[in-house]
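**Student:** whatever this is, show me its structure:
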Amino acid sequence: MSFKLEINGTQYENFIAGSAFKTIEALSGKFSVTATVKRGDNYPIKRGDTCRILINDESIINGFVEMISISGSSSDHKILIQGRDKTSDIIESSLSGNPEFSAPITLQRVIQNILASGNINNVEVIQNAAIKPFGPGDQVSGGVGENMWDFINKYCVKRQVLANSDGDGNLVIFRVGDVFSSAQIIHEENNPRSNVKTYSFTDDDTRRFNTYIVKSQANPVALDLSNSGATAADIVNNSGSVVDTDIRESKQMTIDSTTSDNSLTAGQTAAWEANVRRAKGFTYSCTVQGFLADPKLGIIWRANRLHSVKDEFANLDAIMLLKSTRFNIDIDGGSTTDLEFTYRDAYSLEVLRDALEVRTTKTGGSFVN
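**Tutor:** Predicted coordinates for the structure are as follows:
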């Protein structure tokens, strides 16, 4: 097992401390390493250098050094190096205007056009899911100065997909998968197979609501009203809602959508919001020794995998989704990996039927999914 920092093609290791974090909830991975420097040494790493983080010789972060900090005494010095994936430029950038697209257009093409408008030409856009193209009524509003990633994410939410970075620093559009891993998380007393060093469990409903209501913007120019009997005012009133029966009825959230959705899409957006908040409030975290999920095959822990989790102290025995990994090295503690799990159906519309009830309202009536 190894933790290496590659700078401009040259690999470095044997740091006194380091960590590399990846999650399906963020567009970019990030890392931090600390090394010792003797007085008079010229450390060959500079801010802005291209870099990769390799875990067991597998690239998990590909981007740039963003910060260098040096501290110490008259004899010993420490240097802290931090950086992120190439996709971090998308997170930091803003729009120069209101992007407009001719329908039909794919989400992949939408993102490619937005990146091109911001001169981000070193990030490929990879689509790993079947996604319905956008039509004339799917235009998203945006303006000068709006954060580029926030704008892109509006389109992702409309199709209930996630985006993050791969080991080459490219942007990957995906849905939570159904890939099972043979690696188990076991935390049981007197079980020789127990592999959990530390753990924590949180079930939090402070950011969850009973009812989510999404009210859509209108896009009457994009719609043909001539034969529908509907008016522009009717279209303005498109909305969708979802009820999370696990939460008391006195909690309600209304979202004024920045997109021109139809009623069904608004209902799906409400369901997506409810399930994302449900997933973020339910978290099992643990630390295991080493970096490998499968030591025999040399496979590292990877997010977006399903694992069996058994923890008698947290009263858990379920198949759960691994949503984030943090690989750690320490001169005293060796190598460990922090794992964070949530519901297996998180970040999808395949939610529990007895937990969520979706309602959509459109011109001429209503229906329940």
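
**Student:** for the rest of this, base every contact and every neighbour count on C-alpha atoms.
**Tutor:** Fine.

**Student:** who is Ile300 paired with across the strands?
**Tutor:** Leu292 (DSSP bridges).

**Student:** count the neighbours of it for me.
**Tutor:** Residues near Ile300, counting by other CA atoms under 10 Å, number 19.

**Student:** quick one: it and Val288 touch, right?
**Tutor:** No: look at Ile300 against Val288 with CA atoms under 8 Å: they stay out of range, at 11.9 Å.

**Student:** between those two, which contacts overlap?
**Tutor:** Shared contacts of Ile300 and Val288, defined by CA atoms under 8 Å, 6 or more residues apart in numbering, are not found at any residue.

**Student:** all helices for the chain, in order.
**Tutor:** Shown for the chain, the helices assigned by DSSP state H span residues 88-92, 107-117, 148-158, 232-236, 263-280.

**Student:** what would these look like in CSV with mean pLDDT, mean neighbour count and distance to Arg175?
**Tutor:** CSV is the format used below for these (pLDDT from 0 to 100; neighbours: other CA atoms under 10 Å; distance: least, CA to CA, whole Å):
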stretch, mean pLDDT, mean neighbour count, distance to Arg175
helix 88-92, 98, 17, 20
helix 107-117, 95, 18, 13
helix 148-158, 92, 19, 10
helix 232-236, 50, 16, 30
helix 263-280, 84, 24, 12
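
**Student:** the ones you listed: which one's closest to Ile185?
**Tutor:** helix 263-280 (19.1 Å; CA to CA).

**Student:** dump that closest one to CSV, restricted to CA.
**Tutor:** What follows is helix 263-280, C-alpha atoms only, in CSV (Å, rounded to 0.1, in the frame of the first residue of the first chain):
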residue,chain,number,x,y,z
SER,A,263,-45.5,19.5,-13.7
LEU,A,264,-44.1,16.0,-13.8
THR,A,265,-40.5,17.2,-13.8
ALA,A,266,-41.3,19.5,-10.8
GLY,A,267,-42.6,16.5,-8.9
GLN,A,268,-39.5,14.6,-9.7
THR,A,269,-37.3,17.5,-8.5
ALA,A,270,-39.3,17.6,-5.3
ALA,A,271,-38.7,13.9,-4.8
TRP,A,272,-35.0,14.3,-5.6
GLU,A,273,-34.7,17.1,-3.0
ALA,A,274,-36.4,15.0,-0.4
ASN,A,275,-34.3,11.9,-0.9
VAL,A,276,-31.0,13.8,-1.0
ARG,A,277,-31.8,15.4,2.3
ARG,A,278,-32.9,12.1,3.7
ALA,A,279,-29.6,10.6,2.6
LYS,A,280,-27.5,13.4,4.0
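
**Student:** pull the contacting residues for the residue lying closest to Asp168 once chain neighbours are set aside.
**Tutor:** Spatial nearest neighbour of Asp168, chain neighbours left out: Asn62 (5.3 Å); criterion: CA to CA, 6 or more residues apart in numbering. Counting by CA under 8 Å, 6+ apart, Asn62 touches Thr50, Cys51, Arg52, Ile53, Arg84, Asp85, Lys86, Gly167, Asp168, Gly169.

**Student:** determine which two of these are furthest apart.
**Tutor:** So, these by CA to CA: farthest apart are Thr50 and Gly167, at 13.8 Å.

**Student:** so what's Cys325 bridging to?
**Tutor:** Actually, residue 325 is Thr. It isn't Cys. As assigned using DSSP bridges, the partners bridged with Thr325 are Lys22, Leu339.

**Student:** swap in Asn164?
**Tutor:** In beta-bridge terms (that is, DSSP bridges), Asn164 pairs with Val172.

**Student:** go on, Ser285?
**Tutor:** With DSSP bridges as the rule, Ser285 is bridged to Ser200, Glu340.
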